[in-house]
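A.B. asks: Provide a 3D model corresponding to the input given below.
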Amino acid sequence: MKILIDGLNEFYGENVRLVKTLMKRESPEEHPELMKWALQMLYFNGKDWIEICRIDNYPHEQENGSHIHFYKKDEVKRLELDFQEANKLIKEISQKILREKFNENVNFGDD
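C.D. replies: Reported below is the predicted structural model:
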């Protein structure tokens, strides 16, 4: 895999950050899709950075394809997304979680 973005941190205030990883496969054996990616939204609760949402297309429970990991939920939601669509969606989902669970209003500036 050729790394295009390696754990890039985008900060949205002191306690919210989005971590982006993007790789391009160099052979079909490496990954079923041309691009392999992950987006992870983290919230700093004063002690630790906690994951509030993650969207990726890494294999999960022996299944390929993009899916969403939600805050404090074991199951994932499968949804066909590309990297750009996932980037928009993770901000929408995280904005709701931050408001409802942590009483934080974050403007991701994508309006």
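A.B. asks: contact partners for the closest residue to N57 other than its chain neighbours?
C.D. replies: Leaving out its chain neighbours, the residue that sits closest to N57 by Cβ to Cβ, 6 or more residues apart in numbering is S66, at 4.2 Å. In this view, the C-beta of every residue, glycine as well, is placed from N, C-alpha and C. Counting by Cβ atoms under 8 Å, 6 or more residues apart in numbering, S66 touches 55-57, 78-82, 86.
A.B. asks: swap in E30?
C.D. replies: Contacts of E30 (Cβ under 8 Å, 6+ apart): 1, 36.
A.B. asks: buried residues, stretch 74-81. List them.
C.D. replies: Buried residues in stretch 74-81, counted by 16 or more other Cβ atoms under 10 Å: 76, 81.
A.B. asks: what secondary structure does S94 sit in?
C.D. replies: Put simply, S94 is helix when judged by DSSP: H, G, I helix; E, B strand; the rest coil.
A.B. asks: hang on, the earlier thing: mind checking pLDDT for the residue nearest to N57?
C.D. replies: At S66, the pLDDT value in this model is 91.
A.B. asks: cross the contacts of S66 against helices and list the overlap.
C.D. replies: Using DSSP state H, the subset of the contacts of S66 located in helices is A86.
A.B. asks: quickly find the element holding the residue nearest to the spatial centre of the chain.
C.D. replies: Centroid-nearest residue in the chain: L39, 2.4 Å away (criterion: Cα atoms, centre = their mean). Assigned by DSSP states H and E, L39 belongs to strand 35-44.
A.B. asks: done for today, thanks.
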